[in-house]
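Got a predicted model here, sequence first, then my questions.
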Amino acid sequence: MAQVTITINAREYTVACGDGEEANIIKLANILDEKAKLLTANGNQINENMLLAMVGLLVADELIDARHGVFPEPRVQTVEKIVERVVEKEVEPDLSPLDEKMAQSVSEVEKQLKNLISYIES
């Protein structure tokens, strides 16, 4: 099994991956790093766990849009409002404005991010 070091928000993480998957893992990490930079570009101070959760929300929103082949404006605005609230108040996101399927997807991403964070910190 291979290992690769990725950087997200100027912090390095060593991640195990399958042999030959290193380049793909780095490519994926670069996408996450770009999202983190967008969220912190205005000098926003966000704790690491919350930042990774918000990055997950943005990526999950893009994934759902890509799966549907459309980019509905209300959904994007709703996610942006959630992210803005989280940034300003550092509270758990209120998923009630989202449709049930998207709320489930976002909740699953949040769980996976928490598991990843726990794994990284251990």
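Perfect, I can see it now. Residues are numbered from 1 along each chain as shown.

For this structure, which segments count as helices?
22-40, 48-68, 73-89, 100-121 (DSSP state H).

What score does residue 67 have for pLDDT?
Per-residue pLDDT puts residue 67 at 81.

ignore the last one, residue 106
In this model, residue 106 carries a pLDDT of 70.

just to revisit the earlier point, what's the least confident stretch among the helices of the chain?
helix 73-89 (a mean of 57).

Residue 40: neighbour count?
The tally of other residues near residue 40 (other Cβ atoms under 10 Å) stands at 16. For every residue, glycine as well, the C-beta is placed using N, CA and C.

My guess is it contacts residue 46. True?
Yes: with contact defined as Cβ atoms under 8 Å, residue 40 reaches residue 46; the gap is 6.4 Å.

State the pLDDT value of residue 4.
pLDDT, residue 4: 95.

distance of it from residue 62?
23 Å (Cβ to Cβ, to the nearest Å).

What of residue 110?
16 Å.

out of these two, which sits in the more crowded spot?
residue 110 (19 against 15).
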